[in-house]
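In: Please work out how this folds:
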Amino acid sequence: MERRRFLHGAALVAGSAAARRALASAWRPMQETPSARLILDLTQPLAIIRPDFLGLGYEVSSVARPGLLSQHNAVYVQLVRSLGSRGVIRVGGNTSDYSSYAPTAQAVSSPETGPGSVVNDTVLHDLGNFLKTTGWNLIWGLNLGKGTEQAAVREAKAVLAATRPHLFAFEIGNEPDLFSRSEVHRKKGYDYDDYLREYRRFRDALRKELPGMPLAGPDFDAHPRQRVIQVTEAVTIIGDNFEFVQDFRGLEVLSPKGTLIGSDNGREIRTPYDDCVLIMPSRRLAKGQTAVRLGRFVE
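Out: Prediction:
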């Protein structure tokens, strides 16, 4: 509508026949463009977002700062309550794999490059009251990087005692997929199987002392390794009836060689090699068009 007003106004002030002809030429396609009508049915929700879907994340070092996550921090309590009456606070981060629990020691908030954060009963008590005041729940990360099963059990008991009504779950370790990257926590070659064995040891020790204790996670690296796909060929439709064997969306990896992809007028289309990657399968399956491109990961 704004463009139409502009063109209409320009036509009124155009002083030459050439200008009027140019404006008329620009106006005509706009008038001929078909319109579309969109109707939204607000009475039929597609999905419902849980009231506690909202989440906030904190390092353990933040909890170790007395007075921050506390019911006495009125400004911050109001901020969290303004975000929502329910939500989940996750305490973990990199500092959790350097941290420790000491009931009566002085609380220490330390970056991961420092001596390690220390949480005590006082800051945990404050955290419990903060959760009670805001109505939010808690996921707490336990130290797998430099901790032990025994230390995890002691810390879990203390966290549970302080936050029980609002404890959602415990995590074991933070981003264990990065443990071997700089060899700070583990040596090169540390993989999922190694983590799983350690996880099970910690889990069993925790469940022995705290039966039924809920577990979640762990968090993992948000920037996984990028992989390159080499496109080797395209499948062009030559018949009038092309069908995929299933509703492919793209980046499916099919094995072994010879796996059926679809049919083109009855002619079977199969993968030319193992671990074949389907790239951009088309929704417009017409003769002469590309149905899908095939590729393989380049290591």
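
In: All the strands of the stretch 1-150 of the chain, residue numbers only.
Out: Here the stretch 1-150 of the chain has its strands, by DSSP state E, counting those that start in this stretch, at 55-59, 88-92, 100-101, 118-119, 137-142.

In: Please, where are all the helices along the stretch 51-200 of the chain?
Out: Secondary structure of the stretch 51-200 of the chain by DSSP state H, counting those that start in this stretch: the helices cover 60-63, 74-83, 121-134, 149-163, 192-209.

In: pLDDT on the shortest one, on average?
Out: Read it as helix 60-63. In this model, helix 60-63 carries a mean pLDDT of 95.

In: can you check the second one too?
Out: For helix 74-83, mean pLDDT rounds to 95.

In: Could you list the low-pLDDT ranges of the stretch 151-299 of the chain?
Out: Regions of the stretch 151-299 of the chain meeting the criterion pLDDT under 70 cover residues 222-225.

In: now the strands of the stretch 1-150 of the chain as JSON lines including distance to residue 47?
Out: In short, each C-beta sits where N, CA and C put it, glycine included. Compiled in JSON lines, the strands of the stretch 1-150 of the chain are given as follows (distance: least, Cβ to Cβ, whole Å):
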{"stretch": "strand 55-59", "distance to residue 47": "18"}
{"stretch": "strand 88-92", "distance to residue 47": "19"}
{"stretch": "strand 100-101", "distance to residue 47": "40"}
{"stretch": "strand 118-119", "distance to residue 47": "38"}
{"stretch": "strand 137-142", "distance to residue 47": "22"}
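
In: Export those to JSON lines and append columns for distance to residue 43 and mean neighbour count.
Out: Listed next are these as JSON lines, based on distance: least, Cβ to Cβ, whole Å; neighbours: other Cβ atoms under 10 Å:
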{"stretch": "strand 55-59", "distance to residue 43": "30", "mean neighbour count": "16"}
{"stretch": "strand 88-92", "distance to residue 43": "30", "mean neighbour count": "23"}
{"stretch": "strand 100-101", "distance to residue 43": "52", "mean neighbour count": "20"}
{"stretch": "strand 118-119", "distance to residue 43": "49", "mean neighbour count": "24"}
{"stretch": "strand 137-142", "distance to residue 43": "32", "mean neighbour count": "24"}
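
In: Which parts of this protein belong to which domain?
Out: What the record gives for the chain is the domain set 2-32, 55-209, 228-298, from automatic domain parsing.

In: okay, the ones you listed, which one's buried deepest?
Out: Of all the domains of the chain, domain 55-209 has the most neighbours on average by mean count of other Cβ atoms under 10 Å, namely a mean of 18.

In: residue contacts, the residue lying closest to residue 259 once chain neighbours are set aside?
Out: In this structure, residue 259 finds its nearest non-sequential neighbour in residue 271, 4.6 Å apart by Cβ to Cβ, 6 or more residues apart in numbering. Residue 271 sits next to 254, 255, 256, 257, 258, 259, 261, 294 when contact means Cβ atoms under 8 Å, 6 or more residues apart in numbering.

In: make it 7 Å
Out: Applying Cβ atoms under 7 Å, 6 or more residues apart in numbering, we find residue 271 in contact with 254, 257, 258, 259, 261.

In: how close does it get to residue 252?
Out: 10 Å (Cβ to Cβ, to the nearest Å).

In: can you check residue 46 too?
Out: Shown here: residue 46 relative to residue 252, a distance of 25 Å by Cβ to Cβ.

In: any low-confidence regions in the stretch 1-150 of the chain?
Out: Counting by pLDDT under 70, the stretch 1-150 of the chain has low-confidence residues at 1-34.

In: 80 instead?
Out: With pLDDT under 80 as the threshold, the stretch 1-150 of the chain has low-confidence stretches at 1-36, 40, 44-48.

In: still on that earlier bit, now the helices of the stretch 51-200 of the chain as CSV including distance to residue 247?
Out: Listed next are the helices of the stretch 51-200 of the chain as CSV, based on distance: least, Cβ to Cβ, whole Å:
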stretch, distance to residue 247
helix 60-63, 44
helix 74-83, 38
helix 121-134, 43
helix 149-163, 44
helix 192-209, 30
